[in-house]
Each structure stands twice: as C-alpha cells, then as structure tokens.
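Asker: no FASTA, just this:
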C-alpha cells in the first residue's frame with residue numbers, strides 16, 4: 001500500500017484487529033492508565049495463548065483500546081474492555097463493544113455476559129444503551145481501595161435477527 005492510501009485508511013477512523021503478542025506492552029500502558037487494579041501481563045498472554053478473542057482498536061497506527069472476549073458453550077463473556085483515557089468519549093468503546101457482540105453472534109453465542117463495577121456509571125450507561133440488562137451481583141468481586149467492590153453482572157440475549 002502506498003503512503004497516500006495508508007494516510008486515507010488511517011484518517012478514515014479506528015480499526016479493530018486481532019491483538020498480537022507485540023501489542024501487550026501498549027495494552028498494559030492503557031490498562032495501567034485506566035485502572036487502579038490492572039490486569040497483569042500474564043493474564044493478557046494467557047488470554048492470547050488460550051485462544052480467547054483478543055482485539056485492539058487502532059487509530060493512526062496507535063493502539064487506543066482493547067477488548068477480550070471468551071465464547072464457549074453458546075455463551076460469550078466480555079472479560080475486559082478498555083479505551084485509553086485520552087481517547088474516551090469519542091465513541092470508541094461503543095464501537096468496540098458492538099463488534100464484540102457481533103463476534104459473539106458470529107460464533108453462535110446465544111447470550112453475552114459482562115461484569116462492571118457499580119462505581120463506573122459511564123460504562124454502565126454504555127452497556128444499558130447497547131441492550132445489556134443487570135441480571136445480578138457478584139459480592140466482593142473486584143479489588144478496591146479499602147477492601148472489595150461488588151460487580152454488577154449484565155447480560156444481553158442474542159436472538160436471531162438482532
């Protein structure tokens with residue numbers, strides 16, 4: 001691809017691509033910027049090696065976000081979604097979660113689950129707007145300053161034609 005074509009495609013907006021081992025350092029930077037209790041490098045490597053759906057959002061050749069999806073036995077579980085704090089509020093998270101839902105459907109999952117901290121109202125609002133509903137709580141699921149924080153468990157049914 002020539003330089004002019006590359007500029008066009010990069011200017012056209014973010015793209016989703018499969019995460020590679022070499023992306024882990026950048027993914028860890030984003031993870032550490034966004035979360036007080038980030039995943040370890042080993043968790044990301046295990047997800048890659050385990051065949052989970054590991055995706056990055058790239059804009060102008062720079063990774064700005066990522067998502068981890070596991071699909072098995074007709075169910076999908078979004079394990080981690082994160083957009084760099086500098087790129088949040090631009091619709092990248094919405095785009096990424098929509099694509100993870102599409103990937104779940106393409107792998108014939110009947111429903112998608114995720115957990116979210118009650119202290120993350122922006123994420124909760126995003127998930128509700130994309131069709132997720134709260135189905136329960138996991139007590140003391142997340143590490144938190146001064147103890148543990150519950151997780152809100154959310155799900156979306158993937159019916160034919162959705």
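Answerer: The structure has been received and is ready for your questions. All values derive from a computational prediction rather than experimental measurement.

Asker: Just want the phi and psi numbers for residue 151.
Answerer: Main-chain dihedrals, residue 151, degrees, to the nearest 10: phi -120, psi 140.

Asker: no wait, residue 24
Answerer: phi -60, psi -40.

Asker: With residue 85 instead?
Answerer: phi -50, psi -30.

Asker: try residue 150
Answerer: phi -60, psi 160.

Asker: From residue 40, how far out is it?
Answerer: In this view, residue 150 and residue 40 are 22 Å apart by CB to CB, to the nearest Å. C-betas here are computed from N, CA, C, even on glycine.

Asker: which one of these two has more residues nearby?
Answerer: Each of residue 150 and residue 40 has its neighbours counted (other CB atoms under 10 Å); residue 150 has more, 16 against 10.

Asker: dump the residue contacts of the more buried one.
Answerer: Residue 150 makes contact with 118, 137-142, according to CB atoms under 8 Å, 6 or more residues apart in numbering.

Asker: hmm, try it at 10 Å
Answerer: Contact partners of residue 150, counting by CB atoms under 10 Å, 6 or more residues apart in numbering, are 115, 117-119, 137-142, 144.

Asker: Test for you: state the pLDDT assigned to the closest residue to residue 147 other than its chain neighbours.
Answerer: In space, and not counting its chain neighbours, residue 147 is closest to residue 140: 7.7 Å by CB to CB, 6 or more residues apart in numbering. Residue 140 carries a pLDDT value of 96.

Asker: Pull out the buried positions in whichever strand or helix holds residue 140.
Answerer: For residue 140, the host element (DSSP states H and E) is strand 133-144. Buried positions in strand 133-144, judged by neighbour count with 16 or more other CB atoms under 10 Å: residue 142.

Asker: just stretch 91-109 next, same as before
Answerer: Neighbour count says stretch 91-109 has 92-93, 95-97, 99-101, 103-105, 109 buried, by 16+ other CB under 10 Å.

Asker: Sweet, I'm off.
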